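Fold the stuff below for me.
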Amino acid sequence: EWPTRSDLRLSDAQRELVRRVHGTGTPVVGVLVTGRPLIVDWMAEHVPAILVAYFPGTEGGVAVSETLFGENDPSGRLPITMPKSHGDLPQHHDALAHPTPIGDHEHPDSYEPLYPFGHGLSYTEFDVDEMAVADGPATASDDDGPAATVSVTLSNVGDRSGTETVQVYATQMHASRVRPERALVGFERVELDAGESAMVDIEVTASALGYYDPDRGHVLDAGEYRFHVADRTELTTVSGVD
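As a prediction, this is how the structure comes out:
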């Protein structure tokens, strides 16, 4: 099927190889060399770790080996969504809000992937605390400064240094048009030694928080927005333009 494919699962031979190696009791880490999201639900359940290498180039083998042996911290985060099955497609981390006429409990979550957009582990652990959001001066895409600033305390609670990507998502609580249930509006990569903490300030621009209207150009609605960082949330009012 190269260079196209009709099935997002690994080939039968590759899946059989993984099962047989796993059956020997040998510690296994799956390395995916791929240019697209793959359905690897069996590996996710049975293999202790999966490293997504994409197409790493001529020095990719060195980078993969250094990561597997702990010389390099895997600090990348998924820029894609990896689904559980073909029936779950399409899946978007910034899916539009949709009505639930028979109640929320009757509608399964439309975004429950195997690995979500932005997912990624490292060889250490990070905690996010003390989240705060401040309204900024920007009210349109051409204004100077941020529309909001999100501040969190990031702590490396593991036993080795590592890099975390602090991701800020936002939900517009009352929109003038259908908007995503939540969308990535900012991020910052932070490197911390073991036991170190840092205050991280992430400026959210008006263009990231708003939307484009063919008649009015870029629009930032005034009103309440809920910001999400890891498992922390904070509600704030953004000035915007009514």
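
what's the helix or strand containing residue 20 packed up against?
In the assignment (DSSP states H and E), residue 20 maps to helix 12-23. If contacts are counted by 3 or more C-beta pairs under 8 Å, 6 or more residues apart in numbering; DSSP states H and E, helix 12-23 sits against helix 41-46. Where C-beta positions appear, they are placed from N, C-alpha and C, glycine not excepted.

residue ranges of the helices in the protein, please?
Listed in chain order, the helices of the chain (DSSP state H) span 12-23, 41-46, 60-68, 206-209.

Report the rounded mean pLDDT for the third one.
Right, helix 60-68. Averaging pLDDT along helix 60-68 yields 95.

what residues are up against residue 27?
Applying C-beta atoms under 8 Å, 6 or more residues apart in numbering to residue 27 gives the contacts residue 48.

Next one: it from residue 63, what distance?
Noted for residue 27: a distance of 20 Å to residue 63, by C-beta to C-beta, to the nearest Å.

buried set for the helix or strand of the chain with the lowest mean pLDDT?
Counting by mean pLDDT, DSSP states H and E, the weakest-scoring helix or strand in the chain turns out to be strand 217-219, with a mean of 82. Within strand 217-219, the residues that qualify as buried are residue 219, counting by 16 or more other C-beta atoms under 10 Å.

Likewise for stretch 213-230?
Within stretch 213-230, the residues that count as buried by 16+ other C-beta under 10 Å are 219, 220, 221, 225, 227, 228, 229, 230.

Strands - which of these land there?
219, 225, 227, 228, 229 (DSSP state E).

Including distance to residue 151, could the residues you listed go into a markdown table?
Below are those laid out as a markdown table (distance: C-beta to C-beta, whole Å):
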| residue | distance to residue 151 |
| --- | --- |
| 219 | 26 |
| 225 | 15 |
| 227 | 10 |
| 228 | 14 |
| 229 | 10 |
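
Where does pLDDT dip in the chain?
1-3, 103-104, 106-110, 139-144, 241-242 (pLDDT under 70).

redo that, cut-off 50
Applying pLDDT under 50 to the chain flags no residue at all.

Residue 76 contacts residue 122, doesn't it?
No. In this structure residue 76 lies outside contact range of residue 122 using C-beta atoms under 8 Å: 9.2 Å.

Who has more neighbours out of the two?
A side-by-side neighbour count of residue 76 and residue 122, using other C-beta atoms under 10 Å, places residue 122 first with 19 against 15.

doesn't residue 160 make contact with that one?
No. In this structure, residue 122 is not within contact of residue 160 by C-beta under 8 Å, at 9.1 Å.

between these two, what contacts are shared?
residue 73.

So what pairs up with residue 227 in the strands?
Per DSSP bridges, the residues bridged to residue 227 are residue 170, residue 234.
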